[in-house]
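K.L.:
Please work out how this folds:
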Amino acid sequence: MNTAGPSARLRFTGAPALVGVVIAALTSSNGCRSTGAPAATAPAKAPAVTSNMLRDDYVGSAACAPCHGDVYKVWSNSPMHRMTRLPEQTEIRAPFDARTFQFKNDSARLEQVGATRFVRLHSATSGEHLYRVTKVIGGRYREDFAGQEVASTAPDAPVLGDPHAELILPTSYVFQTGAFRLKGYSVMVGERPGMRAGGVWNQTCIFCHNTVPYFDDVWGALHGPGGPGYQGEVVDRLLPASRRLDYTVINSGQLLAALDRETAVLGAGQGAATRAAQGAADPARAVLRRAMLEARGRFQPSHFVEVGIGCEACHGGGRQHVDDPHRVPTFAPRAAFLDVRAASGPPPTEAEWQNRTCARCHQVLFSRYGRTWEGGSRRPPEQAGGSHITSGEARDFLLGGCARAMSCATCHDPHREDSREHLAQLATPAGNGVCTGCHRELGTPAALQRHAHHDPAGAGGSCVACHMPRKNMGLGYALTRYHRIGSPTDKARVEGDRPLECAVCHGDKTVGALLDDMARLWGKSYDAAAIERLYGGREQNVLVATITRGYAHEQATAMALAGERRFQPAAAAIAHEMTGNAYPLVRLWAGMAQQALAGRLPSADVEQAAAAAGAGHAGGDSDDED
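P.N.:
Have a look, this model is predicted:
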């Protein structure tokens, strides 16, 4: 959700009489668009599309199928495309067979009547409520649900409360364990006293899980600091100043006309946005503020370009390309009133534009948990480091050293689910070609040996083993790779994070032994006081010290590594966190580590035990959250 931080610099040019220009633009905004057949011969230099952000620019994924049939077919069955689904039109893995999920003193009973699914909540504090499931969310690792409260399971039962509000239901179904979990306990939230439906799905979740005009996403960036919160996101507010973009409005009248058209579609009435400019000290910001408030209160599924992630969620509105295939799509946002360029330094490369497209959604620092990697904090004025959990990968990648030369699609097929075999191979020496395409000096075993000081044919000879370490909490009950490409010897990581990244493979060593290896092999030295603060001394085992002294996200990583290696010296520290940690998600990772120490796979009982262990903790969010 937009927090109206310093996401972009807004400059308006050429608008001396703003409101008058708006009125003129509104009266001339219905120009004709050519729909004739494309020319028989492509021009020497194919022009790029000039507008791909506005609602009129979007045509829907089905328009892509005639020319891109194979890709369209694969994409249609991909988990990302199925991110949001209508329950009556999709396969649902969660069992709605009258089974009951118990959480503390509350319960959720999942029922099916005909083709309609319901969740019946019984709360010790708020009584019984019945919800008709209206949306299924996710489908790769788990399924979540949104619904409306109804009076009964009858087909014509009236909706109780706001008929336009779909609520987030409190149960998630996790595929790996075949068990239900309290919705929210997949991220770093504090203890919850019971179950309830909320917040409002169409006010919180829909911009990243469906296809909407990208124009609606950038209003917070155009407004700048101080704007109201809404769902729109631009990744720049989470990047250092040197890596941000400038969003420059070059025609204020056209911008405000576009805002008027879009807010009218949302139901605000014709001219509602422009009226907000009248008498305002800063008319443009006033209109943007009004538009954000309208989007927050009015955006409904009927306003989607399409349900789920469609082709245009990434490729931008395709109308100009469909009307004339010689017009080349671009990942850069384009509109007649907008100029987007680097705030400093060289312009974005094509790879960067692709990465920024992924980062429209994969930028998340989930929940209000305040800590990040590199010892960072989400609290201003500190610069946030990398994310600790799934869904921040694209932003993390933009923070690293390869974002101008590589795109996310270098390793990941954006149109289908990556095979586990493919990803596994990338994490071996056989996958090093992805890196040595640019780093040609490391393309021989001898050069790699000198660089890595590991057997080039062994696990330590994989580029990603060291430069993209497995230290993030994944949704699939296993650690995933941290996508901010860097080195385990980076000063910010060594002096800011626990555990030392070399512990991903060498968790049985002491802090001092790992630091001595870094000094001997790479000539690195670090601030002794910082190391003492993190671990309590060089003689400490790196994993045990992280579990006992670390922040919550660091503890989860260290426990997972100890479990994988069946490192029994960490057992007592893990057992303490299983009952003593204030974060339900960290208790879950502690429970999984305990099962791994015993040679067992994650099972449904670890979910229940992690939730039950929270009985002694107060509800609400931790002090580490902002």
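K.L.:
in which helix or strand would I find His129?
P.N.:
Of the helices and strands defined by DSSP states H and E, His129 is found in strand 127-137.
K.L.:
partners of that strand in the sheet?
P.N.:
Each strand paired with strand 127-137, and its direction, by DSSP bridges: strand 84-85 (antiparallel), strand 116-123 (antiparallel), strand 142-149 (antiparallel).
K.L.:
Of all those strands, which one comes closest to Gly220?
P.N.:
strand 84-85 (22.1 Å; CB to CB). (C-beta placed from N, C-alpha, C; glycine too.)
K.L.:
Strands of the stretch 51-200 of the chain, start to end?
P.N.:
84-85, 100-103, 106-113, 116-123, 127-137, 142-149, 167-168, 171-174, 179-182 (DSSP state E, counting those that start in this stretch).
K.L.:
can you list contacts of the second one?
P.N.:
For strand 100-103, the external contacting residues (CB atoms under 8 Å, 6 or more residues apart in numbering) are Ser107, Ala108, Arg109, Leu110, Pro170, Thr171, Phe180, Leu182, Gly194, Met195, Ala611.
K.L.:
circling back: could you export the strands paired with strand 127-137 as JSON lines, including distance to Ala459, mean pLDDT and mean neighbour count?
P.N.:
Shown next, in JSON lines, are the strands paired with strand 127-137 (distance: least, CB to CB, whole Å; pLDDT from 0 to 100; neighbours: other CB atoms under 10 Å):
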{"stretch": "strand 84-85", "distance to Ala459": "39", "mean pLDDT": "96", "mean neighbour count": "22"}
{"stretch": "strand 116-123", "distance to Ala459": "45", "mean pLDDT": "97", "mean neighbour count": "20"}
{"stretch": "strand 142-149", "distance to Ala459": "30", "mean pLDDT": "96", "mean neighbour count": "23"}
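K.L.:
and Arg275, which of the ones you listed is closest to it?
P.N.:
Minimum separation from Arg275 across the strands paired with strand 127-137 (CB to CB) falls at strand 142-149, 32.3 Å.
K.L.:
Kindly calculate the angle that that closest one makes with strand 106-113.
P.N.:
80 degrees (axes from the mean of the first three to the mean of the last three CA atoms, to 10 degrees).
K.L.:
Buried residues in the strand holding His129, which are they?
P.N.:
By neighbour count with 16 or more other CB atoms under 10 Å, strand 127-137 contains the buried residues His129, Leu130, Tyr131, Arg132, Val133, Thr134, Lys135, Val136, Ile137.
K.L.:
for stretch 554-566, same thing?
P.N.:
Glu554, Gln555, Ala556, Thr557, Ala558, Met559, Ala560, Leu561, Ala562, Gly563, Glu564, Arg565.
K.L.:
What of stretch 280-292?
P.N.:
Of the residues in stretch 280-292, Pro283, Ala284, Arg285, Ala286, Val287, Leu288, Arg289, Arg290, Ala291, Met292 count as buried by neighbour count, 16+ other CB under 10 Å.
K.L.:
Show me the chain divided up by domain.
P.N.:
According to automatic domain parsing, the chain comprises the domains 9-26+46-60+214-347, 84-207, 498-626.
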